[in-house]
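[1] After the sequence you'll find the predicted model.
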Amino acid sequence: MERTQVRIAAFALLALLGSSIRVARAEVVEHITHTGTAIHQEVVLHATPARVYAALTTSGGFDKVVRLSAAMNSEMKAKLGTAPTVVSHVAGGPFVAFGGYVTGRQIELVTNQRIVQVWRSGSWQPGVWSLASFELSAQGAEDTKLVFDHVGFPAAEADHLAEGWRTNYWEPLAKYLAAPAAAPAAAPAAATEKH
């Protein structure tokens with residue numbers, strides 16, 4: 001059997017098994033500007049926008065994503081620090097991830113639709129901040145399209161950051177979302193505030 005036929009047979013088998021099997025997937029479409037000053041990635045995740053939003057805007061949910069990341073499961077972990085994962089669900093609130101290596105503030109939170117953050121890496125010069133935007137939209141009944149844009153980072157970091165978003169955000173997020181969902185973690189009503 002050719003590789004294409006094997007893939008078609010595998011997808012047909014999964015379709016026959018129904019929705020009881022959740023496949024961890026993070027299909028990434030990516031574009032980095034020629035000047036290295038912007039990253040645009042589109043990811044399709046097998047979960048509703050509400051589950052994706054909750055995973056990205058709750059400390060407990062995002063801590064589980066971080067623990068599944070490449071950074072936390074490599075020799076880099078020793079360099080990251082020990083600060084706990086903290087993700088505010090209120091616009092203006094702070095976030096801390098990867099042991100304190102990534103920090104910032106939530107700028108805009110629109111429940112199940114949009115997250116905008118001022119974001120920085122611990123390796124950047126003091127005072128250097130970037131802007132990260134996550135736009136969520138339903139794709140059918142069970143999938144979410146996440147459109148991600150990142151601007152304002154040091155140009156030399158573009159390739160490293162693009163790879164980091166894939167291996168430390170999208171891939172572990174897909175794994176986390178593939179696990180059977182407990183009761184959905186709803187973000188508090190204050191998360192819909194815009195500033």
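    Nice, thanks for sending it over.
[2] Model confidence score at Gly18, please.
    With respect to pLDDT, Gly18 scores 39.
[3] How about the one 4 residues further on?
    Here, the pLDDT recorded for Arg22 equals 42.
[4] what's the answer for Phe153, then?
    At Phe153, the predicted lDDT confidence score is 96.
[5] Give me the nearest residue to it, chain neighbours excluded.
    Setting aside the residues directly before and after it, Phe153 is nearest to Ser130 in space (Cβ to Cβ, 6 or more residues apart in numbering), at 4.1 Å. Just so you know, the C-beta spots here come from the backbone N, C-alpha and C atoms, and that holds for glycine as well.
[6] So what pairs up with the one you found in the strands?
    Using DSSP bridges, the bridge partners assigned to Ser130 are Trp119.
[7] That one: how many residues sit nearby?
    The number of residues packed around Ser130, counting by other Cβ atoms under 10 Å, is 21.
[8] One more: Gln106?
    A count of neighbours around Gln106, defined by other Cβ under 10 Å, yields 22.
[9] thinking again about what came up before, okay, the residue nearest to Phe153 and Pro154: tell me how far apart.
    From Ser130 across to Pro154, the span is 9 Å (Cβ to Cβ, to the nearest Å).
[10] follow-up on the earlier one: could you measure the residue nearest to Phe153 against Ala55, distance?
    Counting by Cβ to Cβ, the separation of Ser130 from Ala55 is 21 Å.
[11] What of Asp149?
    19 Å.
[12] of the two, who's got more company?
    Ala55 (21 against 16).
[13] Show me what the helix or strand harbouring the more buried one is packed up against.
    For Ala55, the enclosing helix or strand under DSSP states H and E is helix 49-57. Other elements packing on helix 49-57 under the criterion 3 or more Cβ pairs under 8 Å, 6 or more residues apart in numbering; DSSP states H and E are helix 59-67, strand 114-121, strand 130-139, strand 143-151, helix 171-178.
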